[in-house]
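Asks: model this:
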Amino acid sequence: MHKSVKESLCVGIDIGDYSVKAIEMSNGPAGRQIRWAGMAPTLKELFGGRVPPRQARISVSGPSVLIRRVTLPMMTHLELEGAIRFEAESHIPFPINDCILDFQILNPVPEKRAMNVLLVAAKRDFIQGRIKLLTEAGIPPELIDVDIFCLINAFEMLSESSGKNLYGLLDIGHETSAFAIVQNNLPYFVREISAGSHEVTKALMLMKNIQEAEADRLKKAAAPEMSEDLKTATQKGFDHLVDEIKHSIDYFENEAGEELKSIWISGGGALSAGAVDCLAAALGKQVLIWNDGKKLDVAETADKKLFTERSAEFNVALGMVLRGTSG
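Replies: Residues are numbered from 1 along each chain as shown. From the prediction side, this is the model:
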């Protein structure tokens, strides 16, 4: 007799600077399905009136998380596990004893008897704070990931363009943005940038001489008569972000000897007025909004309108719940 394959449920929670996004996905014989998707200013409001999940996956980002691609002497995974704290010390600006470390061996460099390793360090008190936030809400964390890795995972699993050998991913958050260059399905370059859609709000404040709350309201409303002002605010607000991305692309292209041609954007900032045209013109690259979450089956129990219209904001949470699934 064949054993029946049970359906599994997974919840991913993306705790951003501006809002908290969550997705509940089922995975079983009938395939994957979004059972619920929600967005709210706080975790408490997100699950207000709803039974919280038994456990959830969360991701982290920001100044307390550092990602470095480093070259280390050739060694086995087990050997690196034992040596990682020593090897990381010269690459991490935080005290090593205050950090939680992880790593992924990317590829060997035989001619140098070395290997490229993706090193991740997160401040211990920051991670503990996230765990406390969830446990106080009655949601024990199942695992903790990093925003940009969730994004890469979702793109690789969902996008028809993921077969390309080289592409960029940019997730524009409220205060920070995450940028990755993926080559041959591996993250060649990953960094976080202290700039996001809040800069667009501030630019609009200065342009119109209004308070932040009013600028934020106008940005969200995106009324047709405000179109040109909003596009100008996006252009001005993205100045620092563009400069940082340019430096990152230059570094990659000089080191890898290959041209990056396409960048896929997501996050709340990707929905800023004229974001695609602004970034494409400033970077001289093809820029596209990535919202492949629309291709997923969404149950009647979920808010289809919210998930469809704002799917670009759910990509980090999607990457969490897709991990470990197939098909």
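Asks: by mean pLDDT, flag the weakest helix or strand of the chain.
Replies: Within the chain, no helix or strand scores below helix 304-309, which has a mean of 85 by mean pLDDT, DSSP states H and E.
Asks: and the gap between the closest residue to residue 40 other than its chain neighbours and residue 193?
Replies: Nearest non-adjacent residue to residue 40, counting by C-beta to C-beta, 6 or more residues apart in numbering: residue 46, 4.0 Å away. In this view, the C-beta of every residue, glycine as well, is placed from N, C-alpha and C. Applying C-beta to C-beta, to the nearest Å, the value for residue 46 to residue 193 is 26 Å.
Asks: list the helices and strands the least confident helix or strand of the chain packs on?
Replies: Judged by 3 or more C-beta pairs under 8 Å, 6 or more residues apart in numbering; DSSP states H and E, helix 304-309 is in contact with strand 31-40.
Asks: state the mean pLDDT of the strand it packs on.
Replies: For strand 31-40, the mean per-residue pLDDT is 90.
Asks: before we move on, back to that, next, the buried residues of the least confident helix or strand of the chain.
Replies: Across helix 304-309, burial judged by 16 or more other C-beta atoms under 10 Å covers 306-307.
Asks: after it comes which helix or strand?
Replies: On the C-terminal side of helix 304-309, the nearest following helix or strand under DSSP states H and E is helix 315-322.
Asks: can you check what angle separates that following helix from strand 31-40?
Replies: Angle, helix 315-322 to strand 31-40, by axes from the mean of the first three to the mean of the last three C-alpha atoms, to 10 degrees: 140 degrees.
Asks: could you dump helix 315-322 to PDB, C-alpha only?
Replies: What follows is helix 315-322, C-alpha atoms only, in PDB (Å, rounded to 0.1, in the frame of the first residue of the first chain):
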ATOM      1  CA  ASN A 315       8.400  38.300  -2.500                       C
ATOM      2  CA  VAL A 316      10.500  37.900   0.600                       C
ATOM      3  CA  ALA A 317       7.700  36.100   2.400                       C
ATOM      4  CA  LEU A 318       7.200  34.000  -0.700                       C
ATOM      5  CA  GLY A 319      10.900  32.900  -0.700                       C
ATOM      6  CA  MET A 320      10.500  31.700   2.900                       C
ATOM      7  CA  VAL A 321       7.400  29.500   2.300                       C
ATOM      8  CA  LEU A 322       8.700  28.200  -1.000                       C
END
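Asks: list the helices and strands that helix packs on?
Replies: strand 8-15, strand 20-28, strand 56-60, helix 147-158.
Asks: which neighbouring elements make contact with the host helix or strand of residue 254?
Replies: Here residue 254 sits within helix 239-256, counting by DSSP H and E. Packing partners of helix 239-256 (3+ C-beta pairs under 8 Å, 6+ apart): strand 166-172, strand 177-183, strand 186-193, helix 198-208, helix 275-283.
Asks: picking up where we left off before, how about the helices and strands packed on helix 315-322, which one is nearest residue 204?
Replies: strand 20-28 (23.6 Å; C-beta to C-beta).
Asks: let me see the mean pLDDT of the closest one.
Replies: For strand 20-28, mean pLDDT rounds to 91.
Asks: strands paired with it, and their directions?
Replies: With DSSP bridges as the test, strand 20-28 is paired with strand 8-15 (antiparallel), strand 31-40 (antiparallel).
Asks: helices or strands up against whatever helix or strand comes next after the last one?
Replies: Going down the chain from strand 31-40, the next helix or strand is helix 43-46, by DSSP H and E. Judged by 3+ C-beta pairs under 8 Å, 6+ apart, helix 43-46 is in contact with strand 8-15, strand 20-28, strand 31-40.
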